[in-house]
Structures are given as C-alpha cells and as structure tokens.
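Q: show me how the following folds:
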Amino acid sequence: MGEYPEEIDLFQKTIGSLKGIENVSSGIDNLEGIKGSDLGDVSLSHLPLATLLRTDGGLKDEVMLQFEFTLDKSSGSLISLEFLSWFFRDQARGGVLIQLRPFALPPKTADRFQIGETLKFHIDYFIEDAPESLQPILDKVLSLNKSLEMFIKLYEIPTKD
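A: Now for the predicted structure:
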C-alpha cells in the first residue's frame, strides 16, 4: 500500500486521470473544536473559511477530507475543471456534503510576486457524525469514485493517455 489508503489513492488517481489535472493530494482535518475565532490563524487557511464561519467553526464529530489539485493551464484543464465543478455541485445537490473551491495565496509577499503561481483547487468533503473507524469514510470515498468514473465515461470527458 502507498502513502494513502487504497480508496483515497484510487480517487486521487481518477481525478488525476483527467487532462490538465496535476498534483493531486489529500488530507483529513478534525473540525470539531475549531471555533470561528480561530479561522484567522494562517495554519487554518486551507480550510473552507466561509463555510466554517457560518457555523462558528466545526460541528461536533465533524471531519473534512480535502483533496487538492492544480491545473496545467491548458485548454484541456479548463474542460476538466468545468466537468469537476459540475460533478461536485451535482453531488451536493443530491445531499453529499461536498464542494469544490479555488484556493490561492496573496499576490505578493515581502520578497516575491507570486500571482499566477499559487492557484489550487480544493474538494472539501464533510463527514458529520464521523465514526471512530476510518473504514466507513473510505467506503464513502469509494462510492464517490465509482460515480465520478461513471460520469467521466458517460460524458466522454478527456483523460490522459
């Protein structure tokens, strides 16, 4: 087994199989105990701030899987991004607590102009009433991956060769 559980690795590979998608990675955050007042901390900047501000932080027994990817700036990457944007919005419309959102760092730091270099996209998958075991969460990711694979084939979304 690699760095990630098999179900996570498979989902990352499916996303990464789309043309123009690069650098797919993931992590998990326990949101319980995070307060709205904590969200100004730079160590929490990867979190979906507006979502957490609406609830004044994380909910009891809530975790969030976050998948991150970048684009290679090709026209194919825009097709893939549009498809993924639709797919995750459609999943949310169906009741899955998931969203796709952009993430970027400030345009300029004290010593560096970085606009055009830091754009990433985050898929935030919220799990309420998180179980003690990771397996039920991994099962949800596996189900999500099956849907994603099905729609990639159904809509003939371009993939890497």
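Q: and the residue nearest the centre of the chain, how far from S45?
A: By CA atoms, centre = their mean, the chain has its centre lying nearest to I123, at 1.7 Å. Here the criterion is CB to CB, to the nearest Å. By it, I123 lies 17 Å from S45. In short, each C-beta sits where N, CA and C put it, glycine included.
Q: ditto for L31
A: 15 Å.
Q: and those two? Which one has more around it.
A: L31 (23 against 11; other CB atoms under 10 Å).
Q: next SSE after the lowest-mean-pLDDT helix or strand in the chain?
A: Ranked by mean pLDDT, DSSP states H and E, the weakest helix or strand in the chain is helix 49-54, scoring a mean of 92. For helix 49-54, the succeeding helix or strand toward the C-terminus, using DSSP states H and E, is strand 63-71.
Q: now do that following strand, average pLDDT.
A: Regarding strand 63-71, the rounded mean pLDDT is 97.
Q: buried stuff in that strand?
A: 63-71 (16 or more other CB atoms under 10 Å).
Q: what angle sits between the very next helix or strand once past it and strand 63-71?
A: Per DSSP H and E, the first helix or strand lying C-terminal to strand 63-71 is helix 75-93. Orientation note: helix 75-93 sits at an angle of 160 degrees relative to strand 63-71 (axes from the mean of the first three to the mean of the last three CA atoms, to 10 degrees).
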